[in-house]
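# quick one: sequence and predicted model below, then my questions.
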Amino acid sequence: MSGTGEPSVDSSSVESSSAAPATTVTPILKVTGLRAGYGPIEVLHGLDFTVGTGEIVVILGANGAGKTTTMRCVSGLIERHGSIMFEGREIVGARPDAVLRSGISQVPQGRGTFTDLTVHDNMLAGAYTVKGSRDADLGYWYETFPRLAERKDQKAGSLSGGEQQMLAIARAMMNQPKLLLCDEPSLGLAPIITQELFRILGRLRNELGMSLLIVEQNAGLSLALADRAYVLETGTIVATGTGAELLGDDTIKEAYLGVVS
Ligand code: ATP
């Protein structure tokens, strides 16, 4: 891994790190010198990171590192400075609705489903920017998440935590994004449900070619899934590498997996 704020593969192309031979992919998201905060307090101190097309990139960080703030910056929810290039276009000043329409959907921390609406109405709400029939997409996502299909007339608030997280992902995908942002998808879920969820996120990449940016503090599962990852500490990127490289790194093992070497 490289231990600087400068990503080792932040150029006009990035390397995929799967077990298959490395392929060169085009960046769908390129963030440079990102700064943001709340009032007078700066929380992100100039982040540089890239997501390649069809890649899963994880930003790993402890509580308060700035993971949610980073997601809010990309989705346009807070004022931010620097550069956020999405498909070659600058979106650092774009409003959240424009970011959504450009093809970036977010699964917020805590899921953000409409608890008083049914599963089905939540799905339809996710597709509000999509023109034309949504039937094919509904069919696809109900097939992918059969538990949601079984519960489509049930209020979202009555679903289990894992089911709500699946609904949040399916709802975000109903917007037909090109980049999916997931804010701590494992939060509050049992390990077995988290495993299922991460398998589904892997399928989005492998079967649909989706690009995903995931922020997490669950290092074990997220780094196993990631093509590349960055480590965020108090608003600064301190390391980057492939998921496998970081998973094998003693500092990461100690800090995030509780393994004493
Ligand atoms: P967690 O894993 O606990 O959600 P995080 O890595 O997502 O943490 P952020 O939520 O981005 O971290 O918070 C980064 C810093 O910004 C923290 O010090 C937090 O207290 C502060 N912060 C976050 N949201 C606000 C806000 N709305 N107003 C003021 N400060 C905030």
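Perfect, I can see it now.
# what segments of the stretch 151-261 of the chain are strands?
For the stretch 151-261 of the chain, the strands defined by DSSP state E, counting those that start in this stretch occupy 179-183, 211-216, 228-233, 236-242.
# okay if I get those as CSV plus mean neighbour count?
The C-beta positions use only the backbone N, C-alpha and C, and glycine is treated the same way. Formatted as CSV, those follow (neighbours: other CB atoms under 10 Å):
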stretch, mean neighbour count
strand 179-183, 24
strand 211-216, 26
strand 228-233, 25
strand 236-242, 21
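# up against the ligand, what does the stretch 151-261 of the chain have?
Residues of the stretch 151-261 of the chain lying close to the ligand by CB under 6 Å from any ligand atom are Gln217.
# low pLDDT regions in the stretch 151-261 of the chain?
258-261 (pLDDT under 70).
# let's see 90
The stretch 151-261 of the chain contains residues with pLDDT under 90 at 160-162, 175, 186-191, 193, 218-220, 247-261.
# just the helices in the stretch 51-200 of the chain please.
Using DSSP state H, counting those that start in this stretch, the helices found in the stretch 51-200 of the chain span residues 67-75, 96-102, 119-126, 135-144, 146-150, 161-173, 191-208.
# for Ala229, which of these is the nearest?
helix 67-75 (12.2 Å; CB to CB).
# just the buried residues of the closest one, please?
Applying a neighbour-count criterion of 16 or more other CB atoms under 10 Å, one finds Lys67, Thr68, Thr69, Thr70, Met71, Arg72, Cys73, Val74, Ser75 buried in helix 67-75.
# which outside residues touch it?
Residues outside helix 67-75 that contact it (CB atoms under 8 Å, 6 or more residues apart in numbering): 29, 31, 34, 36-37, 43-44, 47, 59, 61, 78, 80, 84, 96, 99-100, 104, 106, 108-109, 181, 183-184, 213, 215-217, 232, 235.
# got the strands of the stretch 151-261 of the chain as TSV, with distance to Ile169 columns?
Listed next are the strands of the stretch 151-261 of the chain as TSV, based on distance: least, CB to CB, whole Å:
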stretch	distance to Ile169
strand 179-183	7
strand 211-216	10
strand 228-233	20
strand 236-242	24
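# residues in contact with stretch 88-101: which ones?
Applying CB under 8 Å, 6+ apart, the contact partners of stretch 88-101 are 74-77, 80-86, 102, 129, 175.
# alright, that wraps it up for me.
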